[in-house]
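1. Here is the input, now give the coordinates:
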Amino acid sequence: DNDEGWVDEVGDKLDPDERLALEKSILPVKLALVKLRKLAYKVIHSTTIVLPAWRKILEDLQAPITLMPRNILTCWNSTFDMLDYAIEHQEAIDTVTQCRDLGL
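-> Numbering: from 1, shown residues only. Next up, the predicted model:
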């Protein structure tokens, strides 16, 4: 596969059953990354609803007011930066995603 410009060297060496098992095992990680990317995008681009709520949540948790780094295709470590931020701010992410009125 050539997913987003990347060559899948491991997948090319697997038989179809092994490849299916690999895809099944990494699916939760892919889904979590998609959700984090969407959250980062919504926080940054919803300047009247989600962004103020995000800042308030961080303020209530006595955390520095910062934004989640966006995953950028051309920056090889941006996925790591996004995940690292998400782990450090897990409580804030849980809180903001539980607010149903924000539409997340």
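2. end to end, how far does stretch 53-66 reach?
-> Stretch 53-66 has an end-to-end distance of 12 Å (CA to CA, to the nearest Å).
3. Name the residues of that stretch that are buried.
-> Neighbour counts over stretch 53-66 (16 or more other CB atoms under 10 Å) mark 53-54, 57-58 as buried. Quick note: C-beta positions are derived from backbone N, CA and C, even for glycine.
4. likewise stretch 26-41?
-> 36, 39-40.
5. just these now: which is nearest Glu23?
-> The closest of the buried residues of stretch 26-41 to Glu23 turns out to be Leu36 (CB to CB; 19.8 Å).
6. check contacts around that closest one.
-> Leu36 is in contact with 68, 71, 82-83, 86, counting by CB atoms under 8 Å, 6 or more residues apart in numbering.
7. ok so, going back, TSV for the buried residues of stretch 53-66, including secondary structure and distance to Thr97?
-> Output for these, formatted as TSV (DSSP: H, G, I helix; E, B strand; the rest coil; distance: CB to CB, whole Å):
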residue	secondary structure	distance to Thr97
Ala53	helix	11
Trp54	helix	11
Ile57	helix	10
Leu58	helix	14
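8. Out of those, the closest to Asp94 would be?
-> Ile57 (9.6 Å).
9. related to what we said a few turns ago, a markdown table please, covering the buried residues of stretch 26-41 and showing pLDDT.
-> Shown next, in a markdown table, are the buried residues of stretch 26-41 (pLDDT from 0 to 100):
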| residue | pLDDT |
| --- | --- |
| Leu36 | 91 |
| Leu39 | 91 |
| Ala40 | 91 |
